[in-house]
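Peer 1: The following comprises the amino acid sequence and a computationally predicted model.
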Amino acid sequence: MTNAANDHRGLPDTQASRRYFAKFEKILTHLGRVAAMLHVENRLTKEEVEVLARYVTALNLTFRALAMKYLLVGRDTGQFFGSLTMDVKDSGFPTVTELLVMANDAAQAAQHLRTMPSVDALKDQMVAEIIGDQAIPTRLQFTLSQRLYYEELTRGKLFWARNDPQCLWLSGTEPRRRYLLHWGVYDSQVNLPTIYLMEVEDSGRDALPKDDRRWPEVQAHLMAQSLGGLKLLTIAQGFDETFDDLHPKRLRRFHIGPMYSHSFTQQSGPIREVLEQARAPEGQDWALAWTLEELESERVRQEKSGWFSKVDREVFALDPFAGRGAETGTTATERMVILPERPFQALAELNPPGFASVRKFVVNDAGRVLSY
């Protein structure tokens, strides 16, 4: 059992907090570019890249909102409001509690905004305090940061602890329609965002997103199964057996993270030595792991249902190498790492065991992405 008191740490220093959020802004930009490269290689479809880009944008908006909330952390604002709590051991991301509090704040954001001065009014007051009192208007800055935080929440489209399934039509009409179902969760066990993509065939009478009975049931079922500890095979078979007229053809799960940084996380193993040796300048001291699990249906078998009818059931292809399919519950699992040039050079020089099969994406601030 992990000790949260040791694994979770606040960022009470203003400069450290701002460096942390600036780091993630860069990382998430690179993540979108890597997804685009996988599309060029035909590893991801156009629709899948667009969906992933939407979730990456949502993550960016979540970090932007949190950056506003904690903009004045470490400064004397006249009241104690805490600091961002991050998971320094398992993920490098904020803890799930931060997202849960943010969701509660979002529910009350409109009420807060009605009772707060406008942005322009706060700026006028700040100018008056600077000129008239010759003082730094820290408390007014804090009020402005909180207003901007609530404004971000009211705009929506953030990545929440639970992001309910959505349905995207891909092709076909009756009797078979093909959809891409996608949803996301913030895994509370390891404090990491996780994104699911499921390609399904619909043989029902009504189109799935317009079916008032099936669609709510599908959404509830998928969210209940969105646990990082569940194998993809368990999720897909449970879905297949629950809905006779919905046929899961492919299920993918993206684990975004952990994020490793010599400045912020307590990484262990080879990655610690890599980042220590890299001595990368500010903004380049990081590495982001990204894992893709994939499960595909290889054939269909028919199963008796009731007295006179039969239903299709999917038979999923499992990883054929060394019997790992039964162990992982996937057709394939691909481990990737995204990192700047300096950490990559240190990784190549050290060549630690276990990294040979990990695909490396090397990125720079100019937007270039190289794959090794």
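Peer 2: Sure thing, it's come through.

Peer 1: Now the helix with the most length in the chain: buried residues?
Peer 2: In the chain, taking DSSP state H as the definition, the longest helix is helix 14-40. Residues of helix 14-40 classed as buried by neighbour count (16 or more other C-beta atoms under 10 Å): 17-21, 23-24, 27-28, 30-31, 34-35, 38-39. Backbone N, C-alpha and C define where each C-beta goes, glycine included.

Peer 1: Tell me the one of those residues nearest Val358?
Peer 2: Nearest to Val358, judged by C-beta to C-beta, of these is Val34 at 13.5 Å.

Peer 1: list the contacts for that closest one?
Peer 2: Trp290, Met336, Ile338, Phe361, Val363, Val369 (C-beta atoms under 8 Å, 6 or more residues apart in numbering).

Peer 1: The first one: what secondary structure?
Peer 2: In terms of secondary structure, Trp290 is strand; the call rests on DSSP: H, G, I helix; E, B strand; the rest coil.

Peer 1: out of everything not next to it in sequence, what's closest to it?
Peer 2: Leaving aside its sequence neighbours, Trp290 sits nearest to Met336 (C-beta to C-beta, 6 or more residues apart in numbering; 4.5 Å).

Peer 1: so where does that neighbour fall, helix or strand?
Peer 2: strand 332-340 (DSSP states H and E).

Peer 1: On the C-terminal side of that strand, identify the next helix or strand.
Peer 2: Next element after strand 332-340 (DSSP H and E): helix 341-350.

Peer 1: tilt between that next one and strand 332-340?
Peer 2: 120 degrees (axes from the mean of the first three to the mean of the last three C-alpha atoms, to 10 degrees).

Peer 1: Can you list the helices and strands that helix 341-350 packs against?
Peer 2: When contacts are defined as 3 or more C-beta pairs under 8 Å, 6 or more residues apart in numbering; DSSP states H and E, helix 341-350 sits against helix 270-278, strand 359-363.

Peer 1: ok, back up a step: look up which residues are beta-bridged to the residue nearest to Trp290.
Peer 2: Under DSSP bridges, the beta-bridge partners of Met336 are Trp290, Arg359.

Peer 1: thought it was touching Phe355?
Peer 2: No. Look at Met336 against Phe355 with C-beta atoms under 8 Å: they stay out of range, at 11.2 Å.

Peer 1: Identify each buried residue in the host helix or strand of Thr62, please.
Peer 2: Using DSSP H and E, Thr62 sits in helix 46-69. Residues of helix 46-69 classed as buried by neighbour count (16+ other C-beta under 10 Å): 47-49, 51-52, 54-56, 58-69.

Peer 1: What number of residues are in the vicinity of the nearest residue to Ser188 once chain neighbours are set aside?
Peer 2: Nearest non-adjacent residue to Ser188, counting by C-beta to C-beta, 6+ apart: Val96, 4.4 Å away. Neighbours of Val96 under the rule other C-beta atoms under 10 Å: 20.

Peer 1: Let me see the contact set for Val96.
Peer 2: By C-beta under 8 Å, 6+ apart, the neighbours of Val96 are Ala161, Tyr186, Asp187, Ser188, Asn191.

Peer 1: ok so, going back, most widely separated two among the buried residues of helix 14-40?
Peer 2: The widest separation within those (C-beta to C-beta) is 34.2 Å, between Ser17 and His39.

Peer 1: hmm, back to that, out of the contacts of Val34, which are buried?
Peer 2: Trp290, Met336, Ile338, Phe361, Val363.

Peer 1: thinking again about what came up before, what pLDDT is listed against the residue nearest to Ser188?
Peer 2: Val96 is assigned 96 on the pLDDT scale.

Peer 1: now the residue lying farthest from the centre of the chain: how far from Ala161?
Peer 2: Distance from the centre of the chain peaks at Gly132, with 46.2 Å (C-alpha atoms, centre = their mean). Going from Gly132 to Ala161 by C-beta to C-beta, to the nearest Å gives 44 Å.

Peer 1: what are the phi and psi angles of Leu170?
Peer 2: phi -110, psi -50 (degrees, to the nearest 10).

Peer 1: what's across from the closest residue to it other than its chain neighbours in the sheet?
Peer 2: Residue nearest to Leu170 in three dimensions, not counting chain neighbours: Arg178, with 4.4 Å by C-beta to C-beta, 6+ apart. Legend: beta-bridge partners of Arg178 under DSSP bridges are Ser171, Glu201.

Peer 1: and this protein, what are its domains?
Peer 2: Taking automatic domain parsing as the reference, the chain has its domains at 4-155, 162-371.

Peer 1: What mean pLDDT does the last one get?
Peer 2: Averaged across domain 162-371, the pLDDT comes to 90.

Peer 1: and that domain, how far apart are its ends?
Peer 2: End-to-end span of domain 162-371 (C-alpha to C-alpha, to the nearest Å): 32 Å.

Peer 1: Neighbours of the nearest residue to Asp87 once chain neighbours are set aside, how many?
Peer 2: Of all residues not flanking Asp87 in the chain, Asn191 sits nearest, at 4.1 Å (C-beta to C-beta, 6+ apart). Number of residues near Asn191 (other C-beta under 10 Å) recorded here: 25.

Peer 1: quick one, what contacts Asn191?
Peer 2: Asn191 sits next to Asp87, Asp90, Ser91, Phe93, Pro94, Thr95, Val96 when contact means C-beta under 8 Å, 6+ apart.

Peer 1: Separate out the buried members of these.
Peer 2: Looking at those with 16+ other C-beta under 10 Å, the buried ones turn out to be Asp87, Asp90, Ser91, Phe93, Pro94, Thr95, Val96.

Peer 1: For those, give me CSV that also has distance to Ile256.
Peer 2: Formatted as CSV, the buried ones among the contacts of Asn191 follow (distance: C-beta to C-beta, whole Å):
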residue, distance to Ile256
Asp87, 13
Asp90, 13
Ser91, 9
Phe93, 8
Pro94, 13
Thr95, 15
Val96, 14
